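1. Structure of the sequence below:
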Amino acid sequence: MEDKNQKRTGRQMRFYADTTRVEMPFIQIGVYDERSVIMLIDTGSNDNVMFDYAYQELKQMMKEEEGQSTLVGIGGESSPLDFVSGNFSICGKTYNMLFILQVDNEVGKRLSQEQGFPIAGIIGTNFMTEHGWIIDFGKQVIIIPNSDVSSEDLEKLGKSPANKDV
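-> From the prediction side, this is the model:
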């Protein structure tokens with residue numbers, strides 16, 4: 001059977017997933033001054049999330065955004081959420097990314113501790129879909145189109161030869 005992902009054009013970026021621990025994919029993204037942070041790729045999260053401890057380190061390059069949302073947890077407790085944005089480099093392309101600021105750092109700290117490296121936040125499906133990302137979990141690769149595409153355009157990408165920049 002033919003692998004349709006091999007026909008898609010774009011850059012490929014390997015992600016890190018330690019299957020002996022938590023089977024979650026992580027990528028390293030550029031911040032500024034050749035610094036980078038590690039983000040969880042979470043197909044179960046709609047929105048991008050930045051943990052507050054990472055935000056405090058990146059605050060000088062981030063911008064507070066107007067608006068606020070509310071998160072209702074499993075127990076029914078609601079908590080206010082603020083938004084921040086910043087420019088991040090992924091596979092040589094700069095994106096202005098909007099994040100929900102997660103003030104409660106317990107999840108991020110626990111996840112960082114379990115993985116053995118600091119995790120700055122989460123990249124959610126809204127961002128990945130908006131930019132036409134394709135995740136191949138079997139090959140541990142994210143295919144990032146050379147130009148932004150809508151979900152309707154993804155079928156057209158299947159007609160182009162693959163660009164295998166890794």
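2. drop to CA atoms for contacts and neighbour counts, all remaining ones
-> Noted.
3. Touching, Tyr53 and Asn105? I think so.
-> Yes - using C-alpha atoms under 8 Å, Tyr53 is in contact with Asn105, at 7.0 Å.
4. neighbour-wise, which of these two wins?
-> Tyr53 (19 against 14; other C-alpha atoms under 10 Å).
5. sec struct for that one, please.
-> helix (DSSP: H, G, I helix; E, B strand; the rest coil).
6. tell me the pLDDT at it?
-> Listed pLDDT for Tyr53 reads 92.
7. And Asp33, by the same measure?
-> 67.
8. Can you show me the strands along this structure?
-> 11-14, 26-30, 36-41, 49-51, 62-72, 78-90, 93-102, 121-123, 134-136, 141-144 (DSSP state E).
9. Return the most buried member of the ones you listed.
-> Sort the strands of the chain by mean neighbour count, taking mean count of other C-alpha atoms under 10 Å, and strand 121-123 sits at the top with a mean of 25.
10. Report all helices and strands that it contacts.
-> Using 3 or more C-alpha pairs under 8 Å, 6 or more residues apart in numbering; DSSP states H and E, the elements in contact with strand 121-123 are strand 36-41, strand 49-51.
11. what's the closest of these to Asn146?
-> The closest of those to Asn146 is strand 36-41. By C-alpha to C-alpha, the value is 19.4 Å.
12. Direction included, what does that closest one pair up with?
-> strand 26-30 (antiparallel), strand 121-123 (parallel) (DSSP bridges).
13. and the shortest one, average pLDDT?
-> Within the predicted structure, the mean pLDDT of strand 121-123 is 94.
14. And the contacts of it?
-> Here strand 121-123 makes contact (C-alpha atoms under 8 Å, 6 or more residues apart in numbering) with 38-42, 45, 47-51, 54, 108.
15. about what we covered before: in a markdown table, list the strands of the chain along with distance to Glu114.
-> Shown next, in a markdown table, are the strands of the chain (distance: least, C-alpha to C-alpha, whole Å):
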| stretch | distance to Glu114 |
| --- | --- |
| strand 11-14 | 21 |
| strand 26-30 | 13 |
| strand 36-41 | 13 |
| strand 49-51 | 16 |
| strand 62-72 | 25 |
| strand 78-90 | 25 |
| strand 93-102 | 19 |
| strand 121-123 | 15 |
| strand 134-136 | 23 |
| strand 141-144 | 22 |
